[in-house]
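Novice: need a 3D model of the sequence below.
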Amino acid sequence: MTNDLTIAKALNQALRTAMEEDSKVLLFGEDIGKLGGVFRVTDELHKDFGDHRVLDSPLAESGIVGTAIGLAMRGYRPVLEIQFDGFVFPAFDQIISQLAKVHRRTNGSVKLPITIRIPYGGGIGAVEHHSESPETFFTHIPGLRVLTPSDPQSAYSCLLSAIRSNDPVIFFEPKRRYWDKGFVDRTESPVDPWRARIVRTGSDVTVVAYGPMVKTALQAANASEYSLEVIDLQSLSPLDDRSIADSVERTGRLVIVHEAPGNLGLGAEIAARIGKSCFYTLEAPIERVTGYDIPYPPSKLEEHYLPDHDRILVAVDSAMEA
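Specialist: Numbers count the residues shown, from 1 in each chain. The predicted model follows:
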């Protein structure tokens with residue numbers, strides 16, 4: 001079956017497919033039942049699968065994750081929704097101290113196939129604690145996989161792969177892209193979520209982005225006088241640096257883009273890896289375009305904070321003129 005879906009609807013369809021495939025897949029989180037979630041990603045699932053598989057939780061993120069760990073130990077595949085990015089921090093101890101460590105702590109005998117869905121990023125004019133970019137915290141932790149889609153097809157394929165994985169997956173959903181629409185092929189899984197994908201070919205500069213910034217990078221590529229190759233990371237951990245390096249060996253230049261602050265961000269790790277592996281082919285210093293190193297600003301200022309295609313173009317020009 002093929003059709004055009006929004007990212008939110010593609011995620012909904014991935015959840016439905018996973019629940020139809022495996023009766024051990026359970027959904028729970030705040031207001032995900034009859035309401036269908038604040039972004040309606042779980043819309044209609046409570047009606048079709050019942051309150052024994054789509055459960056509204058208390059407003060207690062630590063309890064949500066702790067309950068999921070217990071369920072996973074009993075053979076279930078919980079899919080959790082943390083309602084907004086800034087709400088994940090009360091669950092941080094459960095995620096870092098328990099979820100990420102149990103598999104190795106038990107010498108591989110206990111698996112925790114848990115997917116934690118987190119809407120993240122800015123661009124919707126939300127109040128405090130409702131717009132954050134906390135992905136680097138989780139990419140730093142061994143034992144967790146971290147995925148983030150950028151369009152409806154990758155949303156569908158990546159979420160299905162996350163739920164099917166026997167490892168815990170932190171699944172970041174770019175909330176300002178929920179309503180972006182695109183083609184989705186649901187007859188197979190044409191997107192390998194663990195590999196970066198080239199979403200636009202080019203010859204002058206490699207631009208690496210993920211999640212909400214992929215669309216912005218593509219806008220920059222359309223506006224640039226240079227030929228930009230745009231790469232969507234998809235998997236933030238493990239990081240597919242080989243695909244990035246292959247591209248940089250062709251272009252000789254690299255610009256890295258993400259919403260999160262630049263200090264110790266994922267872009268710094270990518271720059272370190274590519275700076276080493278492509279030392280003899282880089283023709284210019286690696287450029288980073290990121291959020292600023294400040295607490296996430298009030299909604300009326302977020303457009304000044306978020307990287308836009310103009311900032312990307314400035315970085316591209318700098319790389320080309322070096």
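Novice: pLDDT below threshold where in the chain?
Specialist: 1-2, 188-190 (pLDDT under 70).
Novice: go ahead and flag the most central residue of it.
Specialist: The centroid of the chain falls nearest to residue 148 when counting by C-alpha atoms, centre = their mean (1.7 Å).
Novice: wait, that residue touches residue 169, no?
Specialist: No. The criterion here is C-beta atoms under 8 Å, and residue 148 misses it with residue 169 at 10.7 Å. For the C-beta atoms, the positions are set from N, CA and C on the backbone; glycine is no exception.
Novice: OK, contacts around the residue nearest to the centre of the chain?
Specialist: By C-beta atoms under 8 Å, 6 or more residues apart in numbering, the contact set of residue 148 is 120, 135, 158, 171-174, 210-211, 233-234, 236.
Novice: put together TSV for the residues you listed, with distance to residue 13, secondary structure and neighbour count on each row.
Specialist: Converted to TSV, the contacts of residue 148 look like this (distance: C-beta to C-beta, whole Å; DSSP: H, G, I helix; E, B strand; the rest coil; neighbours: other C-beta atoms under 10 Å):
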residue	distance to residue 13	secondary structure	neighbour count
120	21	strand	26
135	24	helix	25
158	13	helix	27
171	15	strand	26
172	19	strand	25
173	14	strand	26
174	17	strand	26
210	22	coil	27
211	20	coil	28
233	23	coil	28
234	18	coil	25
236	23	strand	24
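Novice: between the residues you listed, which sits nearest residue 246?
Specialist: residue 233 (13.7 Å; C-beta to C-beta).
Novice: ok, and the closest non-adjacent residue to the closest one?
Specialist: Counting by C-beta to C-beta, 6 or more residues apart in numbering, residue 210 is the residue found nearest to residue 233 once chain neighbours are left out, at 4.0 Å.
Novice: mind checking how far that neighbour is from residue 311?
Specialist: Distance from residue 210 to residue 311, counting by C-beta to C-beta, to the nearest Å: 16 Å.
Novice: can I assume residue 87 is in contact with residue 60?
Specialist: No. With contact defined as C-beta under 8 Å, residue 87 does not count as touching residue 60 (10.2 Å).
Novice: show me which of those two is the more surrounded one.
Specialist: More neighbours surround residue 87 than the other of residue 87 and residue 60, with 19 against 13 (other C-beta atoms under 10 Å).
Novice: OK, contacts around that one?
Specialist: Contacts of residue 87 by C-beta under 8 Å, 6+ apart are 61, 129.
Novice: ranges for the helices of the chain?
Specialist: Using DSSP state H, the helices found in the chain span residues 7-21, 45-49, 61-73, 92-93, 102-105, 135-139, 152-164, 213-223, 241-251, 266-277, 302-305, 309-321.
Novice: nearest to residue 193, of these?
Specialist: helix 152-164 (4.1 Å).
Novice: how much space between residue 91 and residue 175?
Specialist: As judged by C-beta to C-beta, residue 91 and residue 175 stand 18 Å apart.
Novice: what about those two, which has more around it?
Specialist: More crowded of residue 91 and residue 175, by other C-beta under 10 Å: residue 175, with 25 against 22.
Novice: does that one really touch residue 123, like I thought?
Specialist: Yes. Using C-beta under 8 Å, residue 175 is in contact with residue 123, at 7.5 Å.
Novice: so what sits against both of those two?
Specialist: Joint contacts of residue 175 and residue 123 (C-beta under 8 Å, 6+ apart) are residue 212.
Novice: dump the residue contacts of the residue nearest to residue 320 when sequence neighbours are not counted.
Specialist: Counting by C-beta to C-beta, 6+ apart, the nearest residue to residue 320 once its immediate chain neighbours are dropped is residue 226, at 5.9 Å. By C-beta under 8 Å, 6+ apart, residue 226 lies in contact with 202, 204-205, 316, 320.
Novice: same question for residue 119.
Specialist: Contacts of residue 119 (C-beta under 8 Å, 6+ apart): 39, 82-85, 172-175, 178.
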